[in-house]
Each structure stands twice: as structure tokens, then as C-alpha cells.
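# fold the stuff below for me.
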Amino acid sequence: MSGLTNLEFLFFVIVAIFCGLSLRFSLGYAKQLWSQTYHYTLTISLLPPITMVITSLISGNIALSLGMIGALSIVRFRNPVKNPFELIIFFGLITVGIGMAIDYKYGVGLTIIINFVIIAFKILENYFEKKGKKIFSYSFEEGNLLNIIQIKAKSKIKAIEDHANLNELSIDNINQTFNYELIFSSKKELEIFKKEIENQSTIDELLVRYGN
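Residues are numbered from 1 along each chain as shown. Now for the predicted structure:
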């Protein structure tokens, strides 16, 4: 980066911004809704170029590096990270910025790899869902807005117990009821399931909570 003109350096800063934005759209495709907010979009876009500029400034200058470490140590990050994946994304964005400062091929290459992994796993998940199988379980800590249906029934309902989206089953021996909880990433999927089971006579209570 030291041999670049100001215009060339500005070009690579813009490339770093687009690397961050590409991850934002990959996360959106993977239904990671936490990444689609205004604050996260700007964070994802700005983190690589900021890291790139910092790395370029302190590279080859030990005194400046020590001064920058001291200055950055003042900053306190108190925003809680929702899950390990979010932390990995931030770490990946920082690494993209460092890679861009050393050689743009590293930054762009890492961005392509991260995007490929995110999209590939989402395609794989969609493929198995079409076959009625699940390779991942849903979690309230995933950063997604989930759609939940809770069912209280007088007796066992095999169609629910065998469903791929079943998250929890509990039996109340005192009241002789079976309590089911199913989680859906899509509101449409939940509505379809609800229509399939809501007319069953054994169901006493049905509660739906929409997350998106």
C-alpha cells in the first residue's frame, strides 16, 4: 500500500467497503435478520476500510504502532454479541481489512470464501428442508426473528411429534395434556402448518407468535 497514489488508495478503500457490503447481502440471503438493520449494515460496510486504513498507517512504524495500540485501548466495546457467528463475522471483516492493507488479493479472496460458505450452507439447508429434514436446529440466540406456534393437546398428535420443526415436547401428567412448541423461520410455513392441524379435535389451545 505504501507505493500507491492517493487515487489508487481511495479505490481500494471503496473495494473494502463493497467487500463488507457483499457479506451483508450474503447474511441477508441466509435469513440472518440481525445483519439487515441500519446499524449493522453501516458497521459491516465500514469495518473493513477502517481496519485497512489503520493497518496501513501503523505498518512499518513501531512507534506509531505502539501509540495506536494505546489510543485504541481507550475504546470500550460494550455492545453484547448475540452469538459466536456474529463474532466470527466481525473478526472476518477485520481480517478482510488487514488483508486489503497487505495485498488486495487477500482481502477480496477471503471475502469470496466467506460469502461462498454462508450461501452454500443456506442452499444446503433449503435442500434438506424441501425433503422434510433439518440439518440445523433453531435457537433464540441466533439473531433471527423466529415464528413460534405452541400447542396444548389432550392426547399425542403423531403429525406434530414427527415434524422437523418440533423444538420442544412436554407432558403435563397432572392435567393429562401434551404441550408442543414448533419454530419456523418463515411466517408462510407456519401458516401452512397451522391450517393443517388447527381442526384436530384433540387440540385444546393454540398460540402463535410471529417474529417477522
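# for Lys122, see how far away the residue nearest the centre of the chain is.
Nearest to the geometric centre of the chain sits Gln32, at 3.7 Å (C-alpha atoms, centre = their mean). Gln32 sits 9 Å away from Lys122, taking C-beta to C-beta, to the nearest Å as the criterion. Backbone N, C-alpha and C define where each C-beta goes, glycine included.
# quick one: the helices in the chain?
6-29, 38-58, 62-72, 84-102, 104-130, 158-161, 187-197 (DSSP state H).
# so for Leu146, which of those sits nearest?
Minimum separation from Leu146 across the helices of the chain (C-beta to C-beta) falls at helix 187-197, 9.6 Å.
# buried residues in that closest one, which are they?
Neighbour-count burial for helix 187-197 flags 190, 193, 197 (criterion: 16 or more other C-beta atoms under 10 Å).
# out of those residues, which is nearest to Leu182?
Using C-beta to C-beta, Phe193 comes nearest to Leu182 of these, at 7.0 Å.
# where's that closest one relative to Phe128, distance?
Counting by C-beta to C-beta - Phe193 and Phe128 are separated by 17 Å.
# for Lys188, same thing?
Separation of Lys188 from Phe128 (C-beta to C-beta): 18 Å.
# ok, now Ala159?
Ala159 is 19 Å from Phe128, by C-beta to C-beta.
# between these two, which one's more packed in?
Each of Ala159 and Phe128 has its neighbours counted (other C-beta atoms under 10 Å); Phe128 has more, 13 against 10.
# please report phi then psi for the residue of the chain positioned farthest from its centre.
For the chain, the largest distance from the centre (C-alpha atoms, centre = their mean) belongs to Ile174, which lies 40.5 Å off. Main-chain torsions, Ile174, degrees, to the nearest 10: phi -70, psi -50.
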